[in-house]
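Asks: Attaching a predicted model along with its sequence, questions to come.
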Amino acid sequence: MTKNPNPAKVKTMPRSFPLEKIRNIGIIAHIDAGKTTVTERILYYTGRTYKIGDVDTGTAVMDWMEQERQRGITITAAATTCYWQDHRINIIDTPGHVDFTAEVERSLRVLDGGVVVFDGVAGVEAQSETVWRQADRYHVPRICFINKMDRVGANFKRTISMIEKRLKAKPLPIQIPLGSGESFEGVIDLIENKVWHYDGKPDSEPEEAAVPESERKRCDEYRHALIEKLAEHDDHILEAYLESHEISPSMIRQALHKITLANQGVPILCGSALRNKGVQPLLDAIISYLPSPSDMPPVLAIDTTSEAEVTRPVSDEAPFSALAFKVVSDPFVGRLVYLRVYSGIMKAGSQVWNSTTGKRERIGRLLLMHANRREEVEEADTGSIVATLGLKNTFTGDTLCDTSQPVRLESIRFPEPVVSISIEPKSRADQDKMTAALQKLTEEDPTFKVTYNEETGQTIISGMGELHLEVIVNRMISEFGVGAKVGKPRVAYKETISAPVQVEGRFVRQSGGHGQYGHVWLELEPMNRGGGFQFINSLKGGVIPRQYVPPVEMGIKEAMETGVLAGYPVVDIKATIYDGSYHDVDSSEIAFKMAGSLALRNGVRKAKPVLLEPIMKLEVVAPEQFLGDIIGDLNAKRGHIEHIDAQGDVYVIQCLIPLAETFGYATRLRSLTQGRATHSLEFHQYRKLPTGLTEEIIEQAVGK
């Protein structure tokens, strides 16, 4: 549990590490829970850095972007590699702000385990729930670190209860704090039945001691509860427990490892990263309880030649497969693509197949990343997380694989943008710069979209929130040197239908020589919110040749990009093609594409179209004296209060509110509460816009 004695090991080639000694982990949490501070301490105690970085002073190694250092928040997921107890730990430090949720999503897709950091005072916060759900979706085993136990109001027991109730998890405390607030001096290790004292100095060794008599009863209660919970899932523990045999620390660790990997429970540790308390035991827990790549099941993939499901064993001998999970435009080295290698070995200079785009790619240099610093390596073996140069046609979510055995791995799902602003260059010289910058930024961030409105001649950029777009614009100005004028934030409304309809699409053009003939009948039906688009082919008897059906679907999709009410995208529609006709000479793919497009637009007009607006989940934490003012203000903004919970001396208001009502809410909340309240916003779902507001939005869109 000391500082790593051999920092020179950092230079070791990746292949010298056995699979079982690699850990690919992410540090995830709500904003301000202390993720980056925890990561900085991990890097220091593993010998990766020789000076502790600090978020508040802008010296954090992992927050290397100019925007991150100015704002004191993590914006982009940064990767690094460090070494502890002869193990290699690949770490991704993720953002906590909901506007950058895509960074968490892509990281969790490629990681084997996660360390979830909680604020010991605030407990489980809004974004904690979001990242927990994301980790659940990818079945990522987790351990928890309850941070900031040195702060006034820190409550270990309440945080454990919130993890159980709000996250529906099974917490397994393996440590409890010794003191709290200013009197927090260390942790009680329930597995070894001993205490670790810390004096808070970075280079001081933790002192081992016996559990004080005053804490013996509390320690025994927690340890007994831990063993009872382990016995529910582990037969060896159960047998020893029933027969009153001694349960050794190694038995407890084995049971915890098995239960954590099966996602049946979550080991809980505590400490204060800022005060250098409890970090070494956290590193030990990462090694002991989180999985190595060899603990993971074989990777599921689709064989692109047969479209059958296949597996790739986690082995260097297996055919090569890797997933691109991040693209970065590095100002010094160029376009970096981050990859997680799932099977086989990738060598610098080798040729690979991009099974997503169907193109060959040549791997350039291979780099082990340490935030924005790089170490060059010759090859990357199974389980590695590396960055590579030279991939021109590989994007986030693409699969790279062996050219002779092509497979496609599960891609990454990203939420749709909900806020838009207009942006235009200040001068003609800025036009080309802006186009190049926007292209690079869209490659980096799948939740950032750029569209061009032909009617107004404006470039519209869309993202996950006001902060997201503000950071993008600031990056364009500072990193790419673009002079730009920015419009006010606008809501990304959607259109949908509210009734089923059968509609004809006919495209007939006759001129000299061959004409154009496409004719389809579609049935359009509304789907549940979030249902997306579904296309069903119900044609029988060859009324339309098979080669003309995909163009119909393509035409429908293109027409859905601009709706009939106010030009917003059409969503949540099921389109079934059930009839039509063709001409032996005049029919073509373009004619059927146009027929599909016409049918969709005509159908939407007849199917009682409605506008949908994004609804946000808002959480406000405020002292009791301001509750009345906050609730009154939320009601005036069409907010729907769901819960009001007391947490210590503050209240937590959970509310659903239209995104249109949240612009500038931070300033409004500060003025209502003398700056004593905090809030967080998260996208919830799209809902139908009230009729009166629908007419107003349509008038604005069509310029009446």
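Replies: Yep, that arrived. Numbers count the residues shown, from 1 in each chain.
Asks: what about the helices in the stretch 1-150 of the chain?
Replies: 35-45, 66-71, 101-110, 126-137 (DSSP state H, counting those that start in this stretch).
Asks: Now the weakest link among those helices, please, by mean pLDDT.
Replies: Lowest mean pLDDT within the helices of the stretch 1-150 of the chain: helix 66-71, at a mean of 44.
Asks: in the protein, which helix or strand is least confident?
Replies: The weakest-scoring helix or strand in the chain, judged by mean pLDDT, DSSP states H and E, is helix 66-71 (a mean of 44).
Asks: hey, what's Pro425 bridged with?
Replies: Beta-bridge partners of Pro425, counted by DSSP bridges, are Ala484.
Asks: hang on, it packs against Phe480?
Replies: No: using Cβ atoms under 8 Å, Pro425 makes no contact with Phe480, being 11.4 Å away. Quick note: C-beta positions are derived from backbone N, CA and C, even for glycine.
Asks: any common contacting residues for these two?
Replies: Shared contacts of Pro425 and Phe480 (Cβ atoms under 8 Å, 6 or more residues apart in numbering): 433-434.
Asks: got a list of what Glu239 touches?
Replies: Under the criterion of Cβ under 8 Å, 6+ apart, the contact list for Glu239 reads His245.
Asks: pLDDT wise, what is it at?
Replies: At Glu239, pLDDT is 86.
Asks: Quick check: phi and psi at it.
Replies: Main-chain torsions, Glu239, degrees, to the nearest 10: phi -60, psi -50.
Asks: Likewise for Ile412?
Replies: When read as degrees, to the nearest 10, the backbone of Ile412 gives phi -120, psi 130.
Asks: Next one: it from Arg109, what distance?
Replies: According to Cβ to Cβ, to the nearest Å, Ile412 stands 5 Å off from Arg109.
Asks: and what of Gln700?
Replies: The value you get for Gln700 to Arg109, if Cβ to Cβ is used, is 38 Å.
Asks: The two: who's more crowded?
Replies: Neighbours were counted for Gln700 and for Arg109 using other Cβ atoms under 10 Å; Arg109 has more, 21 against 11.
Asks: who touches that one in this structure?
Replies: Neighbour list for Arg109: 138, 323, 325, 410, 412 [criterion: Cβ under 8 Å, 6+ apart].
Asks: Any idea which of the residues you listed the model trusts least?
Replies: If you rank the contacts of Arg109 by pLDDT, Ile412 sits at the bottom with 79.
Asks: pretty sure that one contacts Thr396?
Replies: Yes: in terms of Cβ under 8 Å, Ile412 counts as a neighbour of Thr396; the distance is 6.6 Å.
Asks: quick revisit: is there a quick PyMOL command that grabs whichever of the contacts of Arg109 are buried?
Replies: In PyMOL, the members of the contacts of Arg109 classed as buried (16 or more other Cβ atoms under 10 Å) are selected with the following command:
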select buried, resi 323+325+412
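Asks: Go through the contacts of Arg109 and name the one nearest Thr260.
Replies: Lowest distance from Thr260 to the contacts of Arg109 (Cβ to Cβ) belongs to Tyr138, with 15.1 Å.
Asks: so what's that closest one closest to, chain neighbours aside?
Replies: Distance criterion Cβ to Cβ, 6 or more residues apart in numbering; nearest residue to Tyr138, sequence neighbours excluded, is Leu108 at 4.9 Å.
Asks: ok, that neighbour - contacts?
Replies: Shown in contact with Leu108 (Cβ under 8 Å, 6+ apart): 26, 28, 114, 131, 134-135, 137-138, 140.
Asks: List the neighbouring strands of the lengthiest strand in the chain plus their orientation.
Replies: The longest strand of the chain (DSSP state E) is strand 609-623. Note on strand 609-623: by DSSP bridges, its sheet partners are strand 494-497 (antiparallel), strand 650-658 (antiparallel), strand 678-688 (antiparallel).
Asks: Direction-wise, compare it with helix 126-137 and give the angle.
Replies: Interaxial angle of strand 609-623 relative to helix 126-137 (axes from the mean of the first three to the mean of the last three Cα atoms, to 10 degrees): 120 degrees.
Asks: So for strand 609-623, what gets flagged as buried?
Replies: 609-622.
Asks: Only alpha carbons, please: show that strand as CSV.
Replies: Output of strand 609-623 as CSV, limited to C-alpha atoms (Å, rounded to 0.1, in the frame of the first residue of the first chain):
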residue,chain,number,x,y,z
PRO,A,609,-49.1,15.9,-37.3
VAL,A,610,-48.0,17.3,-33.9
LEU,A,611,-44.9,19.0,-32.6
LEU,A,612,-42.8,17.3,-29.9
GLU,A,613,-40.6,19.2,-27.4
PRO,A,614,-37.7,17.9,-25.3
ILE,A,615,-38.6,17.5,-21.6
MET,A,616,-35.7,17.7,-19.1
LYS,A,617,-35.3,16.1,-15.7
LEU,A,618,-34.3,18.9,-13.4
GLU,A,619,-32.9,18.4,-9.9
VAL,A,620,-32.5,21.4,-7.6
VAL,A,621,-30.8,21.3,-4.2
ALA,A,622,-31.6,24.2,-2.0
PRO,A,623,-32.0,25.3,1.7
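Asks: Quick one: name whatever helix or strand follows that strand.
Replies: Per DSSP states H and E, strand 609-623 leads on to helix 627-636 as the next helix or strand towards the C-terminus.
Asks: counting contacts, what elements does that following helix pack onto?
Replies: strand 609-623, strand 640-647, strand 650-658, helix 665-673 (3 or more Cβ pairs under 8 Å, 6 or more residues apart in numbering; DSSP states H and E).
Asks: what's in contact with that helix?
Replies: For helix 627-636, contacts defined as Cβ under 8 Å, 6+ apart pick out 618, 620, 622, 641, 644, 651, 653, 655, 657, 668-669, 672-673, 677.
Asks: out of those residues, who's nearest Asp220?
Replies: For the contacts of helix 627-636, the nearest to Asp220 is Tyr651 (35.4 Å; Cβ to Cβ).
Asks: Let me see the contact set for the closest one.
Replies: By Cβ under 8 Å, 6+ apart, Tyr651 lies in contact with 621-624, 627, 644-645.
Asks: any idea how far the residue most central in space within the chain lies from Leu469?
Replies: Nearest residue to the geometric centre of the chain (Cα atoms, centre = their mean): Glu105, 2.1 Å. Between Glu105 and Leu469 the computed distance is 19 Å (Cβ to Cβ).
Asks: hmm, back to that, right, so of the helices of the stretch 1-150 of the chain, which gets closest to Asp402?
Replies: Asp402 lies closest to helix 101-110 among the helices of the stretch 1-150 of the chain, at 18.9 Å (Cβ to Cβ).
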